[in-house]
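# Predicted structure and sequence below. I'll ask about it afterward.
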Amino acid sequence: MREELFIEGGGVFVTPSSSLIQQLKKIKGLIFDWDGVFNGGVKGGAMPSPFSEVDSMGVNMLRFGYFLEHGEIPFTAIVTGEYNEAAFKWAKREHFDAVCYLVKDKVKVLPLVDEMSGVKAEEILFCFDDILDISLAREVGSRFMVGRSGSPLFTEYCRMNGHCDYITGNSGSNNAIREISEVALCLLDRFDETIDKRVEFEGEYAKYIKMRNEIETKYFKNEGGDFNPSNPL
């Protein structure tokens, strides 16, 4: 079983993989937190909150894998509690559907996602790492929590209260998102096909990348509970 590779790397299937497969098959939308998920969450002064190209490739392969699964590119968004310039620029480069920023109560983004895409809560895969994310994590269809050694009680809290389906063995600064991408594609039995077709760089991947690159990223600033269009770039 290929799942054992992730367990050997420290990953934890809180939801049995046989059940998680069924959840993943229903997914039509991907939402990512930023700080602590694409990086270690470290900030200070002018220090940016960066991302890794390793994770970026993982996200693109996850979107392509779902394109192969459903014939459509999944709605894809970043929902962050802060103002993260690196996230704004990367989302535009990767043609995400949306970036919502300064969101302190993340569950409130669900009506906007529904309005933009028709994707319901139970059709969303959410990648997260911290307390700010729980209100959204407990409502969506599939929850991938980025693990870290510094908060064992919080990790246990999420596990015991059913707020996560999988906990990564890698931290945000060590390509947790790439791990999540591979776990999801593995369970969907799409990993090898996704990689093979990406390597070919024609056919279905060419069709996918053309469609993906036509997506124009929209930005929403959370102000008093309202999501107002506001491009920070």
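All right, it came through fine. Residues are numbered from 1 along each chain as shown.
# Figure out the helix or strand that the closest residue to Thr80 other than its chain neighbours lives in.
In space, and not counting its chain neighbours, Thr80 is closest to Trp34: 4.1 Å by Cβ to Cβ, 6 or more residues apart in numbering. All C-beta atoms are positioned from the backbone trio N, CA, C, and that covers glycine. Using DSSP states H and E, Trp34 maps to neither a helix nor a strand.
# quick one: contacts for Trp34?
Residues counted as contacts of Trp34 (Cβ atoms under 8 Å, 6 or more residues apart in numbering) are Ser49, Ile78, Thr80, Glu82, Asn84, Ala87.
# Buried ones among the residues you listed?
The neighbour count (16 or more other Cβ atoms under 10 Å) marks Ser49, Ile78, Thr80, Asn84, Ala87 as buried among the contacts of Trp34.
# distance of the third one from Val14?
Note on Thr80: its distance to Val14, by Cβ to Cβ, to the nearest Å, is 24 Å.
# what's across from the residue minimising distance to the centre of the chain in the sheet?
Nearest to the mean C-alpha position of the chain, by Cα atoms, centre = their mean, lies Phe32 at 3.6 Å. Taking DSSP bridges as the rule, Phe32 bridges to Ile78, Cys127.
# Leu136: neighbouring residues, count only.
Other residues within reach of Leu136 by the criterion other Cβ atoms under 10 Å amount to 24.
# In contact with it, which residues?
Counting by Cβ under 8 Å, 6+ apart, Leu136 has contacts Ile31, Val79, Lys106, Val107, Val109, Leu110, Phe126, Phe128.
# Tell me if I'm right that the last one and Val140 touch.
No. In this structure, Phe128 is not within contact of Val140 by Cβ atoms under 8 Å, at 9.6 Å.
# what's the longest helix along the chain in contact with?
For the chain, the helix with the greatest residue count under DSSP state H is helix 53-70. Helix 53-70 has contacts (Cβ under 8 Å, 6+ apart) with 25, 27-28, 30, 32, 38, 72-74, 76, 90, 94, 175-182, 184-185, 188, 190-191, 193-195, 197-198, 204-205, 208, 211-212.
# on that earlier part again, of all pairs in the contacts of Leu136, which one is the farthest apart?
Spatially, the most separated pair among those is Leu110 and Phe128, at 14.2 Å (Cβ to Cβ).
# So between the two, which is more surrounded?
Neighbour count, other Cβ under 10 Å: between Leu110 and Phe128, Phe128 has more, with 25 against 19.
# Arg143 versus that one, what's the distance?
Phe128 is 7 Å from Arg143, where distance means Cβ to Cβ.
# Kindly report the same for Asp129.
When Asp129 is compared with Arg143 (using Cβ to Cβ), they lie 11 Å apart.
# Gly36 is in contact with Asp130, correct?
Yes. Asp130 is in contact with Gly36 according to Cβ under 8 Å; the separation is 5.8 Å.
# higher neighbour count, these two?
Counted by other Cβ under 10 Å, Asp130 and Gly36 do not tie: Gly36 has more neighbours, with 22 against 18.
# Model confidence for the more buried one, exactly?
On the pLDDT scale, Gly36 is placed at 96.
# Just confirm Tyr166 contacts Val183, I think it does.
Yes. Applying Cβ under 8 Å, one finds Tyr166 in contact with Val183, separated by 6.1 Å.
# Residues in contact with both of those two, list them for me.
When Cβ under 8 Å, 6+ apart defines a contact, the residues bordering Tyr166 and Val183 alike are Gly11, Phe144.
# So what would you say the end-to-end distance of stretch 167-177 is?
End-to-end distance of stretch 167-177 (Cα to Cα, to the nearest Å): 11 Å.
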